[in-house]
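Asker: Please find the sequence and the predicted model below.
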Amino acid sequence: MELRQLEQFIAVAEELSFTRAARRLHVVQSGVSAAIRSLERELGCALFERTSQQVRLTGAGAALLPEARATLHAAQAAQDAARAAQDTLRGTVNVGAMASVEVVDLPALLGQLHARHPAIDVRLRLATTGSAGLAHALLSGDLDVAFLSLPEHKPAGIDARELATVPLVLVVSAAHPLAQRGEVALADLAGEPFVDVPPGYGNREVVDRAFAVAGVVRRVALEVPDIDMGAALVRHGLGIAFLPAFAAARTPGLQVLDVHGTMLRWSMYLGTSSTRRPSSALRALLDLVDLHVIAL
């Protein structure tokens, strides 16, 4: 059994597609298929059920998956130890983050890591499915570290350290009828169209939960994954929104309203796996994070 075979098995198991796995690994599909067949012959059992429509893990494949991941992580740790003895830090760090959240100066952080350890390869993924997608990738081992917002009850398997907490404020356009009122209640907003990020983002979960607790139904008319785009839509009268205070402050033409009896806060975390030992390359990045947290 070779590490290369395990890497290809993990890719197929996570993608549930030989085509996508080959694309992810930058190899031809026939090579991935051949590696999986060879591994199945060696183990004496089928790892996948294959049909023309889908690929699924068998019971044996599901049992092998966590062990394969652990084996690859152990191999990486062994390489790290050998390379550390040569005073040259190498390895790969897979980083996940949300595009429009300014809690960490990510370019500066990655730039300093590269300046100190040029042999470390950084792979950056900006979230397309919000914090929920980043958490899933962290749990699956696709990411080593993520800057994300987590629900009140954090998922098992993730170690999270809070980096910043920012208030979410209610904003309307300066021309909106509500702009003349100093304070509103959540119930006053039931008929208003909202601009918000899609489900899966931490700030959306905070707002959804507040309305659910208050027993108020709200209508989300526009969903955009970018905070600044959301603020611009509100400024042009297309809806109202709860936005991070820093986004409201830098967008002209918005009026901030107090919400009676409601204080919404949104926390951002540094997330890592609680089940995998961090590599030397990951530890080098984690050591620099606090230097680049932005005071909001």
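Answerer: Nice, I can see it.
Asker: For stretch 282-294, what is the distance to the chain centroid?
Answerer: 17 Å (CA atoms, centre = their mean, to the nearest Å).
Asker: Mean confidence (pLDDT) on stretch 143-161, please.
Answerer: The average of the pLDDT scores along stretch 143-161 is 87.
Asker: Show me the contact partners of that stretch.
Answerer: For stretch 143-161, the surrounding residues in contact (CB atoms under 8 Å, 6 or more residues apart in numbering) are 93-98, 101, 103-104, 106, 125, 127, 131, 134-135, 137-139, 163, 201-203, 205, 266-275, 278-279, 282, 285-286. (Each C-beta comes from the backbone N, C-alpha and C, glycine too.)
Asker: and it, which residues are buried?
Answerer: For stretch 143-161, the neighbour count (16 or more other CB atoms under 10 Å) marks 143-150, 158, 160 as buried.
Asker: same deal with stretch 195-215?
Answerer: 195-197, 200-207, 210-211, 214.
Asker: okay if I get these as CSV plus secondary structure?
Answerer: Compiled in CSV, those are given as follows (DSSP: H, G, I helix; E, B strand; the rest coil):
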residue, secondary structure
195, strand
196, strand
197, coil
200, coil
201, coil
202, helix
203, helix
204, helix
205, helix
206, helix
207, helix
210, helix
211, helix
214, helix
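Asker: what about residue 21, distance to residue 57?
Answerer: 13 Å (CB to CB, to the nearest Å).
Asker: between those two, which one's more packed in?
Answerer: Neighbour totals were compared for residue 21 and residue 57, and residue 21 leads with 25 against 18 (other CB atoms under 10 Å).
Asker: wait, what's in contact with residue 103?
Answerer: Shown in contact with residue 103 (CB under 8 Å, 6+ apart): 147, 163-164, 268, 293-294, 296.
Asker: that older thread, ChimeraX command for the buried members of the contacts of stretch 143-161?
Answerer: The following ChimeraX line selects those of the contacts of stretch 143-161 that are buried, judged by 16+ other CB under 10 Å:
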select :93,94,95,96,97,98,101,103,104,106,127,131,134,135,137,138,139,163,201,202,203,205,266,267,268,269,270,271,272,273,278,279,282,285,286
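Asker: what bridges to the closest residue to residue 254 other than its chain neighbours?
Answerer: Once flanking residues are discounted, residue 254 sits nearest to residue 171: 4.5 Å by CB to CB, 6 or more residues apart in numbering. With DSSP bridges as the criterion, residue 171 is bridged to residue 241, residue 256.
Asker: Residue 171 against residue 243, yeah?
Answerer: Yes: using CB atoms under 8 Å, residue 171 makes contact with residue 243 at a distance of 5.4 Å.
Asker: Looking only at neighbour counts, state which of those two leads.
Answerer: residue 243 (29 against 26).
Asker: ok now the helix or strand hosting residue 9, how far from the chain's centre?
Answerer: Following DSSP states H and E, one finds residue 9 within helix 3-15. Mean-position distance between helix 3-15 and its chain equals 22 Å (CA atoms, centre = their mean).
Asker: what comes into contact with it?
Answerer: 18, 21, 24-25, 27, 31-32, 35-36, 38-39, 47-48, 55, 57, 61, 64-65, 68-69, 71-72, 75, 140-142.
Asker: In strands, which of these fall?
Answerer: Judged by DSSP state E, the contacts of helix 3-15 include 48, 55, 57 as members of strands.
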